[in-house]
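A.B. asks: build me a model from this:
(4 chains)
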There are 2 protein chains.
Amino acid sequence: MVVSVREVAALAKVSVGTVSNVMNRPEKVSPDTVERVQAAILALGFVRNDAARQLRAGRSRSIGLVVLDVGNPFFTDLARGAENRAAEAGLTVLLGNSDDDAVRENAYLDLFEEQRVHGVLISPIGDTTERLARLRERGTPTVLLDRQAENRNFSSVSVDDPAGGYTAARHLLERGRRRLAFVGGPASLRQVTDRLAGARSAVAEQAGATLEVIETTALSVLEGRRAGESVMARAASERPDAIFAANDLLAMGVLQALNMNGDVQVPGAIALIGYDDIAFASAAVVPLSSIRQPSELIGHTAVDLLLREAANGAEGEHEQIVFQPELIIRASTGG
Amino acid sequence: MVVSVREVAALAKVSVGTVSNVMNRPEKVSPDTVERVQAAILALGFVRNDAARQLRAGRSRSIGLVVLDVGNPFFTDLARGAENRAAEAGLTVLLGNSDDDAVRENAYLDLFEEQRVHGVLISPIGDTTERLARLRERGTPTVLLDRQAENRNFSSVSVDDPAGGYTAARHLLERGRRRLAFVGGPASLRQVTDRLAGARSAVAEQAGATLEVIETTALSVLEGRRAGESVMARAASERPDAIFAANDLLAMGVLQALNMNGDVQVPGAIALIGYDDIAFASAAVVPLSSIRQPSELIGHTAVDLLLREAANGAEGEHEQIVFQPELIIRASTGG
DNA sequence: AAGTGTGATTGAATCGTTTTAATCGACTGG
DNA sequence: CCAGTCGATTAAAACGATTCAATCACACTT
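C.D. replies: Numbering: from 1, shown residues only, chains lettered A, B, ... in the order given. Predicted structure coming up:
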């Protein structure tokens, strides 16, 4: 019960070439033949075999997207932006979730390369540039997401993380807080270290202000809760009076921990600010101040860059696009 | 600069057949030949072309997953479960987002069928059973998610939605509420109508209790907010004293609307319960009571069913698995 | 020494679509 | 009436990995 162009051609009494033409450039085929072939396709329930098509074409019609965490709305929003733009260009997005794991990241890159995807968008964990360079050398255009390559060797779409970190910390300082804590990790993530660096420079400018770092093993709600609990375990006088979390998931976890016992007021005792401004941030126990990133726009732009990169060939220029983040003030830092 | 098995074979001074054997069943090849071939692969940076492989094999090594909304954590959790189980079986999951749109759903089904995926998992919108029956007839095993086929013609993994709806409404009634409102839609979604039906029967059992329906066009935070605002627009005496939202996203939107002006107390004036128990529910402004569904387990089980279905061939039995939901009580219904 | 078995390797056919050069008919203008 | 053109169609050659029957080399048995 396998139906290939061969059967369709036989039924429509034409050659396989004509069947192919009907599917791909019907204007080259006489109207009545088109009709006859389409009738045959329908009658037999023919579905074209994409593997054969790709084999001939050399490249697939999809692009691979590797994100750090599909559970993070920031990345699903970004994916939506990429998907929409890709759809306009007739391409499909394959979504891979590295879950902050180098092995999984690598597995997805292998898979995408074997599939000869049109290109790869990736928010890399740690330092993968060597692997990515090889990927590109072998002909798969690559764009970095949410991260700039040190050596400008890659096209990238990112947001100014040091500036975001600076803005967040500055905001807390302006609210009169002096004993800040940064919650985030792992340090292998560039986003984390950049935001921390930004916060550091803001604190350095302010006499009498301090910044402690509470490191986490992931950017998840659970890890945030753990960090929050470690703060709660201290005597009240030992606690920071403001917390800057490296993303909103962490911030929400921290918030849960602080609120669980009900004895720590936010923002009364501790002000809290997150990062990303995911949709849930505004609906939190205490609506969360945050640093907004234009997530959909990032995905959208990344696809544009990828298409340009693909068109230019290997020796084209690489373009770095950096968006500016935006401070969103809500109740968690005193409205 | 294209590298195929041919080049590898030439460099290693063996035949292409041997190269293939090295990759797929190295135990059939003498150790030193294996080594020579692998060295050649590495030296040339050879990456096997998946399209050619699939063409020969007849089927791809991935399974297609079509969900209603990737923005909904329920579905990303489900996807994670599916992905993990699939990985154990050496398969990849391709995630498609129908966004509650029949056209996009169809596009993904076409794509997956053209790719000759191992099988399809889908949370169908509206009535797609005819389309799915054809898909299966042509050889692609299919499992329904979060939805049972009326005629038992499909394997499916779902949760008892009428029971969940009943439980939610019953809980509100037991808290002394009598003027309930159901927020949800569109009515084309089976999940919505089933949960509503369950709620209806609970209300019918309770003398003096009423249930109004506020229909939405989607199960999103935004639509929830819209519904909440329509409630706020009424005189206080005309408002319900309890709201059952068809999922947590809606419930969080409702909550935002009720809280925005600050004048409606939850659960004081209006008790609120959602559905799914997504991770963010417990971190909401007012921690949200909800009906928990075992999302990861659903994804996991669905892949199992799919593999069984694929093994049995077309005329095998179809299995319907129904999980029971669980009431989670938090502050939004009075703790 | 002939025959038998075994393990390693090979060569060619195959999967299904796309593409290109070639062919065919019919028609037009000189 | 013939050369030339044009549109529609065809046949065959790709694309690259897999697989299976055939071959080969070599050791072991009788």
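A.B. asks: what residues does chain A put near DNA strand D?
C.D. replies: Within chain A, the positions near DNA strand D by C-beta under 7 Å from any atom of the strand are A:13-18, A:21, A:28-30, A:33, A:52, A:55-56, A:58. Glycine gets a C-beta too; all of them are placed from N, C-alpha and C.
A.B. asks: can you tell me the element A:Phe244 falls in?
C.D. replies: strand A:242-245 (DSSP states H and E).
A.B. asks: can you give me the helices for chain A?
C.D. replies: Using DSSP state H, the helices of chain A run over residues A:5-12, A:16-24, A:31-44, A:50-57, A:73-88, A:102-114, A:129-137, A:161-174, A:190-205, A:221-232, A:248-260, A:295-312.
A.B. asks: how about these in a markdown table, adding mean pLDDT?
C.D. replies: Below are the helices of chain A laid out as a markdown table (pLDDT from 0 to 100):
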| stretch | mean pLDDT |
| --- | --- |
| helix A:5-12 | 96 |
| helix A:16-24 | 97 |
| helix A:31-44 | 96 |
| helix A:50-57 | 97 |
| helix A:73-88 | 95 |
| helix A:102-114 | 94 |
| helix A:129-137 | 92 |
| helix A:161-174 | 98 |
| helix A:190-205 | 97 |
| helix A:221-232 | 94 |
| helix A:248-260 | 91 |
| helix A:295-312 | 95 |
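A.B. asks: give me the buried subset of the residues of chain A next to DNA strand D.
C.D. replies: Buried residues within the residues of chain A next to DNA strand D, defined by neighbour count using 16 or more other C-beta atoms under 10 Å in any protein chain shown: A:14, A:18, A:21, A:29, A:33, A:52, A:55.
A.B. asks: farthest pair within the residues you listed?
C.D. replies: With distances taken as C-beta to C-beta, the most widely separated pair in those is A:Thr33 and A:Leu55, at 26.3 Å.
A.B. asks: coming back round to it: could you pick out which of the buried ones among the residues of chain A next to DNA strand D are near DNA strand C?
C.D. replies: Restricting those to contacts with DNA strand C (C-beta under 7 Å from any atom of the strand) yields A:21, A:52, A:55.
A.B. asks: so which of the residues you listed comes closest to DNA strand C?
C.D. replies: Among those, A:Ala52 lies closest to DNA strand C (C-beta to the nearest atom of the strand), at 3.3 Å.
A.B. asks: leaving out sequence neighbours, find the closest residue to the closest one.
C.D. replies: Take A:Ala52 and drop its neighbours on the chain: the residue closest to it by C-beta to C-beta, 6 or more residues apart in numbering or on different chains is B:Leu55, 5.1 Å away.
A.B. asks: what sits against that neighbour?
C.D. replies: If a contact means C-beta atoms under 8 Å, 6 or more residues apart in numbering or on different chains, then B:Leu55 has A:49, A:51-52, A:55 as its contacts.
A.B. asks: residues near A:Val103, how many?
C.D. replies: Using other C-beta atoms under 10 Å in any protein chain shown, A:Val103 has 9 other residues around it.
A.B. asks: look up how far DNA strand D lies from it.
C.D. replies: With the distance defined as C-beta to the nearest atom of the strand, to the nearest Å, A:Val103 ends up 22 Å from DNA strand D.
A.B. asks: what about that residue, distance to A:Gly126?
C.D. replies: Separation of A:Val103 from A:Gly126 (C-beta to C-beta, to the nearest Å) stands at 12 Å.
A.B. asks: and what of A:Ala233?
C.D. replies: 30 Å.
A.B. asks: between the two, who's got more neighbours?
C.D. replies: Taking A:Ala233 and A:Gly126 together and counting by other C-beta under 10 Å, A:Gly126 has the greater number of neighbours (13 against 10).
A.B. asks: quick one: pLDDT of the more buried one?
C.D. replies: Turning to A:Gly126, the model gives it a pLDDT of 81.
A.B. asks: now do the contacts for it.
C.D. replies: A:Gly126 makes contact with A:102, A:188-189, according to C-beta under 8 Å, 6+ apart.
A.B. asks: quick one on the thing from earlier: okay, the ones next to DNA strand C among the buried ones among the residues of chain A next to DNA strand D in CSV with distance to A:Ala202 next?
C.D. replies: Formatted as CSV, these follow (distance: C-beta to C-beta, whole Å):
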residue, distance to A:Ala202
A:Asn21, 64
A:Ala52, 58
A:Leu55, 55
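A.B. asks: circling back to that earlier point, of the contacts of A:Gly126 - the most surrounded one?
C.D. replies: Counting neighbours by other C-beta under 10 Å, A:Leu189 comes out on top of the contacts of A:Gly126 with 23 neighbours.
A.B. asks: residues from the stretch 201-335 of chain A in reach of chain B?
C.D. replies: A:221, A:252-253, A:255-256, A:279-280, A:282-287 (C-beta under 8 Å from any C-beta of the partner chain).
A.B. asks: try 10 Å this time
C.D. replies: Applying C-beta under 10 Å from any C-beta of the partner chain, we find that the stretch 201-335 of chain A lies next to chain B at A:220-222, A:224-225, A:248-249, A:251-253, A:255-256, A:259-260, A:278-288, A:314, A:331.
A.B. asks: please check the residues you listed and keep the buried ones.
C.D. replies: Of the members of those, the ones counted as buried by neighbours, 16+ other C-beta under 10 Å, are A:220-221, A:224-225, A:248-249, A:251-253, A:255-256, A:259, A:278-288, A:331.
A.B. asks: residues from chain A in reach of DNA strand C?
C.D. replies: Counting by C-beta under 7 Å from any atom of the strand, the residues of chain A lying close to DNA strand C are A:2, A:4-6, A:16-17, A:19-21, A:23-24, A:46, A:48-49, A:52-53, A:55-57.
A.B. asks: recalculate using a threshold of 10 Å.
C.D. replies: Proximity of chain A to DNA strand C is assessed by C-beta under 10 Å from any atom of the strand, with A:2-9, A:15-25, A:28, A:41, A:46-58 identified as the residues in range.
A.B. asks: may I see the ChimeraX selection of the buried members of those residues?
C.D. replies: For anyone working in ChimeraX, the buried entries among the residues of chain A next to DNA strand C, judged by 16+ other C-beta under 10 Å, can be selected with:
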select /A:3,5,7,8,9,18,19,20,21,22,23,41,46,47,48,49,50,51,52,53,54,55
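A.B. asks: nearest residue to A:Arg170 other than its sequence neighbours?
C.D. replies: The spatial neighbour of A:Arg170 that comes closest, neighbours along the chain excluded (C-beta to C-beta, 6+ apart), is A:Ala202 at 4.5 Å.
A.B. asks: what's the neighbour count on that neighbour?
C.D. replies: A:Ala202 is flanked by 23 other residues according to other C-beta under 10 Å.
A.B. asks: so how far is A:Arg330 from it?
C.D. replies: Distance of A:Ala202 to A:Arg330, computed by C-beta to C-beta: 20 Å.
A.B. asks: spatially central residue for chain A, please.
C.D. replies: Central residue of chain A (C-alpha atoms, centre = their mean): A:Phe75, 4.0 Å from the mean position.
A.B. asks: identify the residue spatially nearest to that one, adjacent ones excluded.
C.D. replies: In space, and not counting its chain neighbours, A:Phe75 is closest to A:Val67: 4.1 Å by C-beta to C-beta, 6+ apart.
A.B. asks: measure the one you found to DNA strand C for me?
C.D. replies: If you go by C-beta to the nearest atom of the strand, the gap between A:Val67 and DNA strand C works out to 31 Å.
A.B. asks: now do A:Arg226
C.D. replies: With C-beta to the nearest atom of the strand as the criterion, A:Arg226 and DNA strand C are 52 Å apart.
A.B. asks: tell me how many other residues crowd the closest residue to A:Ala39 other than its chain neighbours.
C.D. replies: Excluding its sequence neighbours, the residue lying closest to A:Ala39 (C-beta to C-beta, 6+ apart) is A:Ala12, at 7.3 Å. By other C-beta under 10 Å, 22 other residues sit near A:Ala12.
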